[in-house]
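A.B. asks: Just a sequence and a predicted model for now, questions to come.
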Amino acid sequence: QLSRGFYSKTCPNVEQIVRNAVQKKIKKTFVAVPATLRLFFHDCFVNGCDASVMIQSTPKNKAEKDHPDNISLAGDGFDVVIQAKKALDSNPSCRNKVSCADILTLATRDVVVAAGGPSYEVELGRFDGLVSTASSVEGNLPGPSDNVDKLNALFTKNKLTQEDMIALSAAHTLGFAHCGKVFKRIHKFNGINSVDPTLNKAYAIELQKACPKNVDPRIAINMDPVTPKTFDNTYFKNLQQGKGLFTSDQVLFTDGRSRPTVNAWASNSTAFNRAFVIAMTKLGRVGVKNSSNGNIRRDCGAFN
Ligand code: HEM
Ligand SMILES: [Ca+2]
Ligand SMILES: [Ca+2]
């Protein structure tokens, strides 16, 4: 049972302490902002929002974070949670009282706000999960080539609507992707076209320059070519112009079922922000654990 005041007796300053730690971290490394947002998504979609994604592998257990779909999660997102946990633990009343899952949820809200996105109240009371296996990731996270049917299926499984899916996809208004993820769209799309015809022509050339055929696949590019460091509705304006980086982004505009929503939010950032807050709150409720199937981890990277 989630509630806003879950820690009001045990750690009344939890929000302040987490926010200060997050701000300190992102002042040094902005990449922690998109890294944290993506980490939260990948946590909630596999075994619910329970910090299972943070568990380190051991000789006996290959954990979620070492599945191919999670390998590119940036270390700075994990570090945001670790630093916030450290700050909480240095406060005698908060020590080992706040779950890693709740720290990640709060930190995610704080990075969105820091990048210019909407603020919102965070529900608390998630417990940390007791299992994390690489095999449980398989098939639960969307891929960059997915179409609207596939995206809807994955989000529906987590009780999220198509609107929620579109709002959450706008997280790609921030952050980076590796060239390997767009290679096909710009170099060998199919037998007829080497470039995806739904891709803006000038943007395709820009991408080909940033990601030439023999580029090191570890090179990263901005996902939002216009405002990469601001959380805004430019993501939707980009889609209208064929500047969605992944197929999974661009299909939201090419598919007639999702296009009206893209158009509405491209021209109304207030409506988008409202939908994003609703969707993030619902995402934060996915598969939440309680004291009987979870606990409060002492180290976010290891089971107690
Ligand atoms: C809808 C289906 C989605 C697909 C197919 C998808 C796929 C991807 C891929 C392939 C990357 C690039 C990874 C890399 O090359 O390193 C990425 C990055 C990212 N994704 Fe998604 N994603 C989706 C939804 C989401 C959602 C719902 C969120 C958060 C609410 C999110 C947040 C991010 C962020 C912030 C980044 C940048 C990470 C960074 O800069 O470190 N994505 N996503
Ligand atoms: Ca999880
Ligand atoms: Ca942006």
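C.D. replies: Perfect, I can see it now. Ligands and ions are numbered 1, 2, ... in the order given.

A.B. asks: from memory residue 161 sits against residue 151, does it?
C.D. replies: No. At 11.5 Å, residue 161 does not count as touching residue 151 under the criterion of CB atoms under 8 Å. C-beta: built from backbone N, CA, C; applies to glycine.

A.B. asks: So the two - more neighbours on which side?
C.D. replies: residue 151 (22 against 15; other CB atoms under 10 Å).

A.B. asks: Can you give me every residue that contacts residue 269?
C.D. replies: The contact partners of residue 269, by CB atoms under 8 Å, 6 or more residues apart in numbering, come to 232-233.

A.B. asks: Per-residue confidence at it, what does it come out as?
C.D. replies: Note on residue 269: pLDDT of 98.

A.B. asks: Same check on residue 203?
C.D. replies: 98.

A.B. asks: Excluding its own residues, what touches the helix or strand hosting it? List them.
C.D. replies: Here residue 203, judged by DSSP states H and E, is contained in helix 201-210. With contacts defined as CB under 8 Å, 6+ apart, helix 201-210 is touched by 179, 182, 185-187, 195-196, 199, 219, 221, 225, 241-243, 245.

A.B. asks: If any of those residues are buried, put those into a PyMOL selection.
C.D. replies: Applied in PyMOL, the following selects the buried portion of those according to 16 or more other CB atoms under 10 Å:
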select buried, resi 179+182+185+186+195+196+199+221+225+242+243+245
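
A.B. asks: Determine which two of the contacts of helix 201-210 are furthest apart.
C.D. replies: Using CB to CB, the pair of these lying farthest apart is 219 and 241, separated by 23.8 Å.

A.B. asks: and residue 213, helix, strand or coil?
C.D. replies: Here residue 213 is recorded as coil under DSSP: H, G, I helix; E, B strand; the rest coil.

A.B. asks: can you tell me which residues contact the closest residue to residue 23 other than its chain neighbours?
C.D. replies: Excluding the flanking residues, the one nearest residue 23 by CB to CB, 6 or more residues apart in numbering is residue 114, at 6.7 Å. Contact analysis of residue 114 by CB under 8 Å, 6+ apart lists 22-23, 26, 33.

A.B. asks: Can you pull the phi and psi angles for residue 114?
C.D. replies: phi -60, psi -30 (degrees, to the nearest 10).

A.B. asks: Tell me the spacing between it and ligand 1.
C.D. replies: For residue 114, the distance to ligand 1 (CB to the nearest ligand atom, to the nearest Å) stands at 13 Å.

A.B. asks: now residue 200
C.D. replies: For residue 200 relative to ligand 1 (CB to the nearest ligand atom), the value is 19 Å.

A.B. asks: all numbers from here: first residue = 7
C.D. replies: Will do, 7 is the new start, and the previous item becomes residue 206.

A.B. asks: quick one: that residue and residue 245 touch, right?
C.D. replies: No. Taking contacts as CB under 8 Å, residue 206 lies outside contact range of residue 245: 10.0 Å.

A.B. asks: which of these two has more neighbours?
C.D. replies: Using other CB under 10 Å, the more surrounded residue of residue 206 and residue 245 is residue 245, with 28 against 17.

A.B. asks: which element is the more buried one on?
C.D. replies: Going by DSSP H and E, residue 245 is in helix 240-246.

A.B. asks: how about that helix, does it reach ligand 1?
C.D. replies: No. Helix 240-246 stays clear of ligand 1 (CB under 6 Å from any ligand atom), getting no nearer than 10.8 Å.

A.B. asks: Show me what that helix is packed up against.
C.D. replies: Applying 3 or more CB pairs under 8 Å, 6 or more residues apart in numbering; DSSP states H and E, one finds that helix 240-246 makes contact with helix 253-260, helix 265-272.

A.B. asks: okay, the ones you listed in TSV with mean pLDDT, mean neighbour count and distance to residue 96 next?
C.D. replies: Formatted as TSV, those follow (pLDDT from 0 to 100; neighbours: other CB atoms under 10 Å; distance: least, CB to CB, whole Å):
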stretch	mean pLDDT	mean neighbour count	distance to residue 96
helix 253-260	98	21	41
helix 265-272	98	18	41
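
A.B. asks: hmm, who's touching whatever helix or strand comes next after the helix holding residue 209?
C.D. replies: Using DSSP H and E, the helix or strand that follows helix 207-216 towards the C-terminus is strand 226-228. Outside strand 226-228, the residues that touch it by CB under 8 Å, 6+ apart are 181-185, 188, 213, 216-217, 234, 251.
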